[in-house]
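> Build me a structure from this.
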Amino acid sequence: MTLAEVKLAKASNPNLRIGIALSGGGIKGLCHAGALKALEEYGIRPDVISGVSAGSVVGALYADGLTPDEIGEMFMGLSFRKSTVYDSAGGGFLNIKPFMRLVHKHLKSKRIEDLPLPLYIVATDLDHGHTVEFSTGDLITSVTASCSVPVLFTPTIIDGVHYVDGGVFKNFPATTIRDRCDILIGINASPMLAAQYKVNVANVLERVYHFMFKANIVHDREVCDVLLEPSDMGMYDTFDVEKSHEIFELGYSYTHRFCYPDEQLELNEVTSGQETVDGLQDAEETESGDEKKDKKKSLFNLNVQTPGELVDYLGQMIRNIRGD
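Numbers count the residues shown, from 1 in each chain. A predicted model of the protein is given here:
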C-alpha cells in the first residue's frame, strides 16, 4: 500500500482509523518527529499511536498536542551527559530523570487516558519476563519505563514491579495496535546497522542490542500496511544526541520522498508490510586475518579478573560516553 492510497482511502471514508507505530532507537527515534511532519504536510494524521522507548517519547509528546517541529526543537542542544545522572545502586549505571524532567515539562496531560490522541506505550515487565502495554496510568512514569534500557539505565518501578525498555521483547509495536486501526503505518528508526564500526565495548554492546531488537521486529514489520525505514539511520549511534537536528531532517526528507515518489529518481529502500522478510543481511566487509586478530585483541583484552572489576570497567566506559 502506498501513502497516496492511504490518503485516498481516508478521503473516501473518514471513519477509517489510521494507526502509526513508532519503534525504539535512542536519539534515532527523533526521525519519528520528522516523519510525522512530512505525513502531516501530505494530509495524513493518525487516529491512534503506539510507541516503545524513544518512540514512546515522541508518541507521548505528539499525542499531547505538540507539533513535530516543537518536538524536534526540544532536543536541540541536548547532551547525553545533561540527560542522565549516576545511579548504580538502582539496578543500572545511570538514571534518566533529568531527561524525563525535560519531557514532563512539555506535557500538559498527566495520565495516558487524558491524551487527546489514544496512545499505547510498550515496556517490559522485568520481574515476570513479558511485554506490557500501558494505555492508562501515569504518562511520564510509563514513558520512563519504556525507555529504561537494561543495565545502562535504572529500571522503573510501577506498583512494586520493575520495568525496563520495551524493546527487549518488542522494539517495533505494530502488532500492539494492528487490531485497533484499519490502516497501519509503521516507522522503524533502526532498520539496519552500519557495515563498518569501531570495535570497543560500547559499540559491541550497542550492536548486540540492535541484533536482539532486529530479531523481535520481524512479525511487526509484516503486519504494517505501509512501512517507513530510513536506511541512512544506520549511520547514527543510539546516543548521538548532538546530531538530533540531522536525524529529524533525515526522517522528514525520507518520508517526504515517500509521499511524492514521482519527484524522486531514486528512493532509499522502502518495504511494504506485505513483503517477505528474508532476515538479517550481512553487510560486513571481508577482513584480513591480521585485522580480525587486532579487533579480537581490542575487544577481549580488558584486563579484568572479577565481576567487580568488570563493573568498574563498564562504569568508566559510560563516563567516557558522557564526557565526564
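
> Quickly find the element holding residue 37.
helix 31-42 (DSSP states H and E).

> Adjacent strands (with direction) for the helix or strand just after that helix?
Where DSSP H and E defines the elements, the next helix or strand beyond helix 31-42 is strand 48-52. Under the criterion DSSP bridges, strand 48-52 sits next to strand 18-22 (parallel), strand 119-125 (parallel) in its sheet.

> just checking, next helix/strand downstream of strand 48-52?
Per DSSP H and E, the first helix or strand lying C-terminal to strand 48-52 is helix 54-63.

> what helices or strands is the helix holding residue 37 leaning on?
Contacts defined by 3 or more C-beta pairs under 8 Å, 6 or more residues apart in numbering; DSSP states H and E place helix 31-42 against helix 3-12, strand 18-22, helix 54-63, helix 68-74, strand 183-187, helix 244-259. Yep, even glycine has a C-beta here, placed from its N, CA and C like the rest.

> among these, which is nearest residue 128?
Nearest to residue 128, of all those, is helix 54-63, at 20.0 Å by C-beta to C-beta.

> Point out the other helices and strands that the closest one packs with.
Here helix 54-63 touches strand 18-22, helix 31-42, strand 48-52, helix 68-74, helix 97-105, strand 119-125, helix 139-147, going by 3+ C-beta pairs under 8 Å, 6+ apart.

> Lowest average pLDDT across the ones you listed?
Comparing mean pLDDT over these, the weakest stretch is helix 97-105, at a mean of 90.

> so what does it touch, helix or strand wise?
Under the contact criterion of 3+ C-beta pairs under 8 Å, 6+ apart, the helices and strands touching helix 97-105 comprise helix 54-63, helix 80-83, helix 139-147.

> the inter-axis angle of that helix versus helix 139-147?
140 degrees (axes from the mean of the first three to the mean of the last three C-alpha atoms, to 10 degrees).

> Can you tell me what sits against helix 97-105?
Here helix 97-105 makes contact (C-beta atoms under 8 Å, 6 or more residues apart in numbering) with 57, 60-61, 74, 78, 82-85, 140, 143-144, 147.

> redo that, cut-off 6 Å
83, 140, 144 (C-beta atoms under 6 Å, 6 or more residues apart in numbering).

> Ok, which of the helices and strands packed on helix 31-42 comes nearest residue 113?
Nearest of the helices and strands packed on helix 31-42 to residue 113, taken as C-beta to C-beta: helix 54-63 at 11.1 Å.

> mean confidence for the closest one?
Averaging pLDDT along helix 54-63 yields 97.

> outside of it, which residues touch it?
22-26, 29, 32-33, 49, 51, 71, 115, 117, 119, 121, 143, 146.

> quick one: contacts of the helix holding residue 37?
So helix 31-42 is in contact with 22, 55, 58, 68, 71-72, 187, 189, 228, 230, 247-248, 250-252, 255-256, 259, going by C-beta under 6 Å, 6+ apart.

> Only whichever of these are buried, select them in ChimeraX.
Selection of buried members from the contacts of helix 31-42 for ChimeraX, criterion 16 or more other C-beta atoms under 10 Å:
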select :22,55,58,68,71,72,187,189,228,230,247,248,250,251,252,255,256,259
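
> Check the offset of stretch 168-183 from the chain's centre.
Taking C-alpha atoms, centre = their mean, to the nearest Å, one finds the center of stretch 168-183 at 14 Å from the center of the full chain.

> What of stretch 7-25?
Worked out by C-alpha atoms, centre = their mean, stretch 7-25 lies 20 Å from the chain centre.

> contacting residues around that stretch?
Taking C-beta under 6 Å, 6+ apart as the rule, stretch 7-25 contacts 32, 43-44, 46-55, 58-59, 167, 171-174, 177, 181-190.

> go again using 7 Å as the cut-off
6, 29, 32, 42-44, 46-55, 58-59, 165, 167, 171-174, 176-177, 180-190, 213, 238 (C-beta atoms under 7 Å, 6 or more residues apart in numbering).

> Any of the residues you listed buried? List them.
Buried members of the contacts of stretch 7-25, counted by 16+ other C-beta under 10 Å: 6, 29, 32, 42, 44, 46-55, 58-59, 165, 167, 171-174, 176-177, 181, 183-190, 213, 238.

> Next, format the helices and strands packed on helix 54-63 as CSV and append distance to residue 132.
As requested, the helices and strands packed on helix 54-63 are exported to CSV (distance: least, C-beta to C-beta, whole Å):
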stretch, distance to residue 132
strand 18-22, 16
helix 31-42, 21
strand 48-52, 11
helix 68-74, 25
helix 97-105, 18
strand 119-125, 5
helix 139-147, 8
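
> where in the stretch 201-324 of the chain is pLDDT low?
Low-confidence segments of the stretch 201-324 of the chain (pLDDT under 70): 201-203, 205-206, 209, 213, 263-324.
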